[in-house]
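Visitor: Take a look and give me a structure for this.
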Amino acid sequence: MQAVFLDVGWTLAYPQVSMWEIFADLCTQAGVPTTPEACEQVVRNLWSSGQSHAEAQFHAGASYPDSDEMFARQFANTGMLIFSQVGVTDGHADLTQRFLAAFWDETNWVTYPDTLEGLAALKARGGRLGVLSNAPSDMPRLLERLGILPYLDFTVVSALEGIKKPDRRIFAAALARAGVEPAAALHVGDMYLEDIVGGRAAGVNTLLMERGKQALFPNFRESDGRGLDPATVVTSLAGVLEHLA
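Guide: Residues are numbered from 1 along each chain as shown. This next block holds a predicted model:
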C-alpha cells in the first residue's frame, strides 16, 4: 500500500470517561439513576435497527454534509434520545450542553497504548500516512496535543471538508492529498458503514478496528453479523502492520 488513512476516535484515541458514563451520570444527577450499559443499549438498539436502511440510503446515492454545528447536533440528538428513553422528563437542552462540554473536553481524550509506536512503525514503512476522520474543525489541535500530528502527511477532517464518511467524496479528498489511486490506499476505522462500506464504495482497501472495552460500543462488536473476512478485522495498529506485511 502506498497510503494509509486512519480514523481517530476509537481507532487512535478514546475518551477516558466514555460517553455512556457521562450520559449515565447526567441522568442520575437529574434524578433517574442510570447505568452506562443502559445508555449504550438504548443507542445501540436504535443504531442496529436502522443499519439496513442507512446502508440502503448510502447505496441509493445519499450525500453526507458536515459542519461543526451538524457534528454537535448528532450528539445532542443522542442525548435527547437517551434522556427521553430512561425517563428524564425535562432539562434536556441543559443536560446535552453539559454532556458536550465534558465529552469533548480535550483533556478527556488520550491515545491507545499502541498508537504512537504504531504510527512510527507505519511511517517507517514509507508511503503516505494521514487521518481521515468524522470530527469537528478543531481536530488538528487535538492531534497535536496527543502527539499524533508529527507522524502525519495530511489530515482530512469532515467539518473542515463539509462532507463526512461514508460519502465517497471525502475518501476522494484523502486520495487526492495522498496522491494515490484507490487500490493503493488502505483505510482503517471503527465503524462499519462509515469506514468499511464507505471506503469500499470509493475503491479503497479497508480494515475494521475493534478496540474492545475502549471501543465506542464496548459491549457490542462492530463486526458481529457483518459477514466480514476475519482477516479484515484488527484490534490494534500492530494488526494493521501485520496486514500490510
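Visitor: and the one helix or strand Glu37 maps to, which residues are buried?
Guide: Counting by DSSP states H and E, the element that carries Glu37 is helix 36-49. Across helix 36-49, burial judged by 16 or more other C-beta atoms under 10 Å covers Pro36, Ala38, Cys39, Glu40, Gln41, Val42, Val43, Trp47. For every residue, glycine as well, the C-beta is placed using N, CA and C.
Visitor: Could you look up the SS state of the nearest residue to the last one once chain neighbours are set aside?
Guide: Using C-beta to C-beta, 6 or more residues apart in numbering and skipping residues adjacent in sequence, the residue nearest Trp47 is Phe217, 7.9 Å away. In terms of secondary structure, Phe217 is coil; the call rests on DSSP: H, G, I helix; E, B strand; the rest coil.
Visitor: Would you mind measuring from Phe217 to Val188?
Guide: 18 Å (C-beta to C-beta, to the nearest Å).
Visitor: more crowded one of the two?
Guide: Taking other C-beta atoms under 10 Å, Phe217 and Val188 do not tie; Val188 has more neighbours (25 against 19).
Visitor: Could you point out the longest helix of the protein?
Guide: Secondary structure assigned by DSSP state H gives helix 68-86 as the longest helix of the chain.
Visitor: Which other helices and strands does that one contact?
Guide: Judged by 3 or more C-beta pairs under 8 Å, 6 or more residues apart in numbering; DSSP states H and E, helix 68-86 is in contact with helix 19-29, helix 36-49, helix 92-103, helix 158-161.
Visitor: Domain ranges for this protein, per the record?
Guide: Split into domains by automatic domain parsing, the chain comes to 3-14+108-244, 16-107.
Visitor: my guess is the residue nearest to Trp47 meets Gln41, correct?
Guide: No - using C-beta atoms under 8 Å, Phe217 makes no contact with Gln41, being 9.5 Å away.
Visitor: Pull the residues that contact stretch 200-213.
Guide: 1, 5, 7, 10-11, 14, 58-59, 112, 166, 168, 171-172, 175, 182-183, 185-190, 192, 195-196, 199, 218, 221-223, 226, 228, 232-235, 239-240, 243 (C-beta atoms under 8 Å, 6 or more residues apart in numbering).
Visitor: Surely Lys123 touches Glu117?
Guide: No - between Lys123 and Glu117 there is no contact under C-beta under 8 Å: 10.7 Å.
Visitor: Settle it for me: which of these two has more neighbours?
Guide: Ranked by neighbour count (other C-beta under 10 Å), Lys123 and Glu117 place Lys123 first, with 16 against 13.
Visitor: Tell me which helix or strand that one sits in.
Guide: helix 115-124.
Visitor: Tell me which helix or strand comes right after that helix.
Guide: strand 128-133.
Visitor: what helices or strands is that following strand leaning on?
Guide: Applying 3+ C-beta pairs under 8 Å, 6+ apart, one finds that strand 128-133 contacts strand 3-6, helix 115-124, helix 139-145, strand 154-157, helix 168-178.
Visitor: Please indicate which of the contacts of stretch 200-213 are buried?
Guide: Using 16+ other C-beta under 10 Å, the buried ones in the contacts of stretch 200-213 are 1, 5, 7, 10-11, 14, 58, 112, 166, 168, 171-172, 175, 182, 185-190, 192, 195-196, 199, 218, 222-223, 226, 228, 233-234, 239-240, 243.
Visitor: Which ones among these lie within helices?
Guide: Per DSSP H, the buried ones among the contacts of stretch 200-213 map to helices at Phe58, Arg168, Phe171, Ala172, Leu175, Gly199, Gly239, Val240, His243.
Visitor: From the residues you listed, pick the one nearest Leu149.
Guide: Closest approach between those and Leu149, by C-beta to C-beta: Val240, at 18.8 Å.
Visitor: For Gly162, see how far away that closest one is.
Guide: With distances taken as C-beta to C-beta, Val240 is found 28 Å from Gly162.
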